[in-house]
Each structure stands twice: as structure tokens, then as C-alpha cells.
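> Show me the folded form of this:
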Amino acid sequence: LQRFSALLNLIYVLWLGSFFMFNEITFEVWSVFSSAFIFKTLTTLVLASIIIHSIIGLWTIGTDYLTPRALGFISSRLGVYANHIRLMYQLFFVTLSVTLILITSFLIWWS
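Purely as a prediction, here's the structure:
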């Protein structure tokens with residue numbers, strides 16, 4: 001999923017970059033482009049792709065570095081609370097991701 005999302009993100013950036021390269025950007029041109037159904041749909045898919053990509057990466061960091069062994073190396077007290085720290089870390093980023101999806105979806109589709 002992470003590699004697929006990276007590929008999808010790259011394709012989107014190239015598509016958006018080509019729009020900027022081959023068009024004279026004015027407010028009217030951008031307004032028409034950004035209000036098109038294809039733009040809104042692809043932007044929503046890429047938003048989901050970015051969230052998936054980041055959650056997988058952050059989960060990997062959490063499971064690699066927020067363990068009793070890794071944090072216990074720094075401090076024995078931290079090692080005891082490592083699982084709680086990892087849970088709060090994951091909860092924070094999941095909450096942030098849901099918030100970003102809701103706000104960005106509102107901005108894309110209803111504004």
C-alpha cells in the first residue's frame with residue numbers, strides 16, 4: 001500500500017505540475033480547473049493516499065522505536081510506559097488524519 005500510494009502521489013504531482021507548466025495561470029483558469037469534478041475526485045483520492053502513506057510510515061516508526069526495549073535503553077522509566085506512549089502516539093496521528101480528511105473534504109467539495 002505504501003508503494004502504491006507513493007506512485008499515485010507522484011502521478012498526481014506530475015498531472016498538477018503539467019497543468020501549471022502548460023497553462024497561463026489566472027484566477028479564472030484556476031477556478032475552472034479546481035471546480036471540475038475530475039480535480040475534486042483525484043484530489044480526494046490523493047488525500048486518502050497521503051493519509052494511508054503517512055499512517056503506514058508513522059506506524060512503522062512507532063513499532064520500531066516506541067518499544068520497551070528501545071525506550072528502556074534511554075530510561076528504565078520510559079521503558080515501563082512504552083506501550084502507553086506508543087498508543088498515545090498512534091491515537092494522536094489517527095485523530096489528526098481523520099481531522100485532516102474531514103476539513104480537506106469540506107474545503108474541496110463544499111466551498
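> Only C-alpha atoms from now on, for both contacts and neighbour counts.
Noted.
> okay, the residue lying farthest from the centre of the chain: pLDDT?
The outermost residue of the chain relative to its centre, with distances by C-alpha atoms, centre = their mean, is S76 at 33.3 Å. Looking at S76, its pLDDT stands at 87.
> Ok, A82 next?
Note on A82: pLDDT of 92.
> How about the contacts made by it?
66-68, 71 (C-alpha atoms under 8 Å, 6 or more residues apart in numbering).
> pLDDT-wise, which helix or strand of the protein ranks last?
Ranked by mean pLDDT, DSSP states H and E, the weakest helix or strand in the chain is helix 76-80, scoring a mean of 88.
> in this structure, which spans are strands?
Assigned by DSSP state E, the chain shows no strands.
> what about A70, distance to G57?
When distance is defined by C-alpha to C-alpha, to the nearest Å, A70 is 18 Å away from G57.
> related to what we said a few turns ago, from the contacts of A82, which land in helices?
Judged by DSSP state H, helices contain the following of these: 68, 71.
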